[in-house]
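# my questions concern the predicted model and sequence given below.
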Amino acid sequence: MNRILTLMVGLVSFSICTYAQNSYVPKILQMEDRARVINSWLEERVATVLPDLMRREGIDMWLVIGSEYNEDPVIKTMLPATWLSARRTTMLVMYDPGQGQDLETYAIARYNVGKIFQKAWNPSQQPDQWQALSRLIQEKNPKTIGINKSGIFALADGISASHYEKLMEALPKSLQNKVVTAENLAVGWLETRTESEMAVYQQIVRIAHQIIAEGFSDKVIQPGITTTNDVVWWYRDRIRELGLTTWFHPSVSIQRKDPESFEHLRSFSERPEDAIIMPGDLIHTDFGISYLRLNTDTQQHAYILRSEETEPPKYLVDAFAKGNAVQDALTDNYKLGRTGNEILKAALERCKAEGLKGVIYTHPIGFHGHAAGPTIGLWDQQGGVPGRGDYPLYHNTAYSIELNAGVFIDDWGKEIRIMLEEDGYFDETGFRYIDGRQKELMVIPRPLPPNAQ
């Protein structure tokens, strides 16, 4: 275990120990420390993850090509921490010489691309960058030349049309027929998480959980005055205040005992309307952060206590339990090699058998919020998702368990949705939530300790 990993594991352990004692957001690294962690992880990934993936997919040379501000999504994950974008046209070449040898990694660029990709182009000797790439490929004479071209996964479709044309023009005919899609290799690279990353991912998800809890408290919400939009922008400001970013604009919505309020029927393509938060409301947020090149995606609920209440009504507690039951129906079906569509079908069949009205729209998470890997349903495609849903489940991959349970509330005279989303991880030991999941409704205001009442 390297020094950076040891440090980060210590920070995670500290955050776990103190979580029950206070509501502090766990430690967030300064920018220079973040860069060291990112670069350390990248070196480890190229040395340990990439060789196995290339051999699994039968690709002995992988080309990842992108231009400044028009980057291949994969190349963004291979740049050193101080590179915020590609420079001019950046070409990365990964070659597996086989026979138990280490990967060879090159940059057909004017500069080294970090410590991993060493410059293999001298413009004074060969002014044409594409010919320099072609020459290197001819020298290595790979059996297959993988490129990021896909009609199924957008994140594996990063080579531009003009770059593809220039590559094929530069290659001799004897090599052109060796060019194949690196679709599954690109997805594998993006979806696979390392032990070092997972040691820290727990803390990243914990940070997200703590920010949500802080926003869903009377520190932020004054019932009768605060609006849902006030909370949304508090979240945006709080994320920035902590030196973090988000990959989507959060939302806060309300479900309540009101025949004129049909928030539960809102289309997933529309944002909730701004509304004043009142006692008796069930509020919901969809929230995510980006930190150390990893992302979170979380949906949780809170209940606004009425003056005479000390806990949520039993009908909402029971409804929330049904949301957890739909989660279990899904994650109990995570089995190595099953496709997203197979997992979806099995989970929905279990929901039906248990009398649950579940809708499942779960996706991978990692370098991207809606990341590469098997899609397990879309809210409007509960019969399966062709292509992305046919991709199999591999070990060492992370997912946002996103779904809802429809529950009719007699006291409200209408159906509500318990909309949940929690980040989880699948490996040889099975599925687990990265930082647990919400199993009880948060309440606002929080009950006072007995000695303060």
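Thanks, I have the structure now.
# mind listing what's buried in the top helix by length along the chain?
Longest helix in the chain, counting residues (DSSP state H): helix 195-215. Using 16 or more other CB atoms under 10 Å as the test for burial, helix 195-215 gives 196-215. For glycine as for every other residue, the C-beta is placed from the backbone atoms N, C-alpha and C.
# so Ile401 makes contact with Met419?
No - between Ile401 and Met419 there is no contact under CB atoms under 8 Å: 11.8 Å.
# so which of those two has more stuff around it?
Ile401 (25 against 21; other CB atoms under 10 Å).
# return the distance of the strand or helix carrying that one from the chain's centre.
Ile401 belongs to strand 397-409 when assigned by DSSP states H and E. Centre-to-centre, strand 397-409 and its host chain are 16 Å apart (CA atoms, centre = their mean, to the nearest Å).
# the helix or strand following that strand packs against which elements?
Per DSSP H and E, the first helix or strand lying C-terminal to strand 397-409 is strand 414-427. On a contact count with 3 or more CB pairs under 8 Å, 6 or more residues apart in numbering; DSSP states H and E, strand 414-427 meets helix 195-215, strand 282-287, strand 298-304, helix 314-331, strand 397-409, strand 430-433.
# in this protein, which spans are helices?
According to DSSP H, the chain carries its helices in the segments 3-19, 31-48, 50-57, 73-76, 129-140, 161-170, 173-176, 183-191, 195-215, 228-241, 314-331, 340-353.
# which of the ones you listed has the lowest average pLDDT?
The minimum mean pLDDT among the helices of the chain belongs to helix 3-19 (a mean of 40).
# I'd like the distance between Thr339 and Gly373.
Going from Thr339 to Gly373 by CB to CB, to the nearest Å gives 11 Å.
# typo on my end, Pro445
For Pro445 relative to Gly373 (CB to CB), the value is 40 Å.
# which stretches of the stretch 251-400 of the chain have low pLDDT?
The model of the stretch 251-400 of the chain has pLDDT under 70 over residues 259-271.
# Gly188 against Pro392, yeah?
No - using CB under 8 Å, Gly188 makes no contact with Pro392, being 10.8 Å away.
# so for the two, which sits in the more crowded spot?
Neighbour count, other CB under 10 Å: between Gly188 and Pro392, Gly188 has more, with 23 against 15.
# name the residues that touch stretch 316-326?
Stretch 316-326 is contacted from outside by 282, 301, 303, 311, 347, 351, 354, 356, 358, 360, 403-405, 407, 409, 416, 418-420, 437, 439-441, using CB atoms under 8 Å, 6 or more residues apart in numbering.
# any buried residues in that stretch, and which?
The neighbour-count check on stretch 316-326 (16+ other CB under 10 Å) flags 316, 319-320, 322-326 as buried.
# among those residues, which one sits closest to Leu133?
Val326 (49.6 Å; CB to CB).
# ranking the helices of the chain by burial, who's on top?
Greatest average neighbour count among these goes to helix 183-191 (a mean of 24), per mean count of other CB atoms under 10 Å.
# for His363, see how far away the residue nearest to Gly387 when sequence neighbours are not counted is.
In space, and not counting its chain neighbours, Gly387 is closest to Ile152: 4.0 Å by CB to CB, 6 or more residues apart in numbering. Using CB to CB, one gets 14 Å for the distance from Ile152 to His363.
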